[in-house]
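J.: sequence below, structure please.
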Amino acid sequence: MLKLRSLRVRNAVIRECMAEFLGTFVLLLFGLAASAQVKTSRSTKGDFLSVNMAFAVGVMSAMYLTKGITGAHLNPSVTLSFCVLGKTSWRKLVPYSLSQLLGAYVAAGLVYLVYYDAIMEFSGGVLTVYGPNETASIFATYPSEYLSLERSFLDQVVGTGLLLLCILGLDEKRNTPAPEALIPAVVGIIILGISISMSANCGAAINPARDLGPRLFTLSAGWGTEVFTCYNYWFWVPVVAPTVGAVLGSCMYLIFIDWQLPDPDLPEKTADIPTVSAKVKQEFAL
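T.: Model (predicted):
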């Protein structure tokens, strides 16, 4: 056992980056594998809800796996928000984000290997972004045909803002905190709720690493530059919009909830209206 302990990485930031890499890898492995299964089976082995549930289970599993090391960010937008809120050092923003991006890229590669035969059979051996046999959407998100650029940006801002707004108070002792051991499960349920209510427009990426990592993989695996140029260079939306949404959601949490909670160091001021017990005492005194 002592020999195994000697394998422990000494540098704390490297340990944390390893956790973020593995956590994001697990998250994307669940989600992308479900997406590949549903797509290549032509929805005979799963459906829209299957993919959403797989991503939720992936988040929960990844959080249980890595929460004790980094808090399980698994999302560059979450890391940025935690930096803005002072929960994470700014020097960790880039290492964490790159680790998350790499984890998502490797997960996409493994899913591609596992489902290679199914993907080739479904696509006829032609890897495309458009058409009835396209397979690029297995890995990255793409907008619906009817969606404007402005609405897709708003969609991702709202979805990611809602995510941060809902998760920031889960461990707040002054409010109604979730049990520590159940926080990953609660976050998974929140992800599921956002996914099943806001993924029709453009896939509910709400995570730059979740979208950009697999998109980079498809670029290198044969789908070509069209994964970045399609839909009028739409690829930047699921990278930038979640970042904006996460910061806005965090600010909303601060303004509407955190700053309005009672100060733990000071007793809550009571109103000047006498309580029922005080009125009773006054009547007996008379």
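
J.: mind listing what's buried in stretch 250-258?
T.: 250-253, 258 (16 or more other Cβ atoms under 10 Å). (Glycine included, C-beta is placed from N, CA and C.)

J.: restrict it to CA atoms and write it as CSV.
T.: Output of stretch 250-258 as CSV, limited to C-alpha atoms (Å, rounded to 0.1, in the frame of the first residue of the first chain):
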residue,chain,number,x,y,z
SER,A,250,-23.7,33.6,-11.0
CYS,A,251,-24.4,37.4,-10.7
MET,A,252,-28.1,36.7,-10.4
TYR,A,253,-27.5,34.2,-7.6
LEU,A,254,-25.4,36.8,-5.8
ILE,A,255,-27.9,39.6,-6.2
PHE,A,256,-31.1,37.8,-5.6
ILE,A,257,-30.1,35.1,-3.1
ASP,A,258,-26.6,35.2,-1.6
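
J.: for it, which outside residues touch it?
T.: 81, 84-85, 161, 164-165, 168-169, 172, 175 (Cβ atoms under 8 Å, 6 or more residues apart in numbering).

J.: most neighbours, which of those residues?
T.: residue 81 (28 neighbours; other Cβ atoms under 10 Å).

J.: could you check how far it is from residue 91?
T.: As judged by Cβ to Cβ, to the nearest Å, residue 81 and residue 91 stand 16 Å apart.

J.: what about the buried residues of stretch 250-258, which are in strands?
T.: Among the buried residues of stretch 250-258, no member is found in strands (DSSP state E).

J.: CSV for those, including pLDDT and distance to residue 48?
T.: Supplementary listing: the buried residues of stretch 250-258 in CSV, determined by pLDDT from 0 to 100; distance: Cβ to Cβ, whole Å:
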residue, pLDDT, distance to residue 48
250, 97, 29
251, 97, 32
252, 97, 29
253, 97, 30
258, 96, 35
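
J.: among these, which lie within helices?
T.: Counting by DSSP state H, the buried residues of stretch 250-258 place 250-253 in helices.

J.: state the pair within the contacts of stretch 250-258 that is farthest apart.
T.: Pairwise distances across the contacts of stretch 250-258 (Cβ to Cβ) peak at 20.2 Å, for the pair 84 and 175.

J.: please spell out which residues along the helix or strand hosting residue 23 are buried.
T.: Taking DSSP states H and E as the criterion, the element that holds residue 23 is helix 12-40. Within helix 12-40, the residues scored as buried using 16+ other Cβ under 10 Å are 16-40.

J.: any low-confidence regions in this protein?
T.: Residue ranges of the chain with pLDDT under 70: 1-5, 265-286.

J.: rewinding a little: in helices only, show me the contacts of stretch 250-258.
T.: Going by DSSP H, the helices hold 81, 84, 161, 164-165 from the contacts of stretch 250-258.

J.: can I get those residues in a markdown table with distance to residue 95?
T.: What follows is the ones in helices among the contacts of stretch 250-258, written out as a markdown table (distance: Cβ to Cβ, whole Å):
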| residue | distance to residue 95 |
| --- | --- |
| 81 | 16 |
| 84 | 17 |
| 161 | 25 |
| 164 | 21 |
| 165 | 26 |
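
J.: for residue 64, state which of those is nearest.
T.: Closest to residue 64, out of all of the ones in helices among the contacts of stretch 250-258 and judged by Cβ to Cβ, is residue 164, at 20.3 Å.

J.: what sits closest to the closest one if chain neighbours are left out?
T.: residue 249 (3.5 Å; Cβ to Cβ, 6 or more residues apart in numbering).

J.: do a quick rundown of the helices in the stretch 51-200 of the chain.
T.: 76-84, 93-114, 116-123, 149-167, 183-198 (DSSP state H, counting those that start in this stretch).
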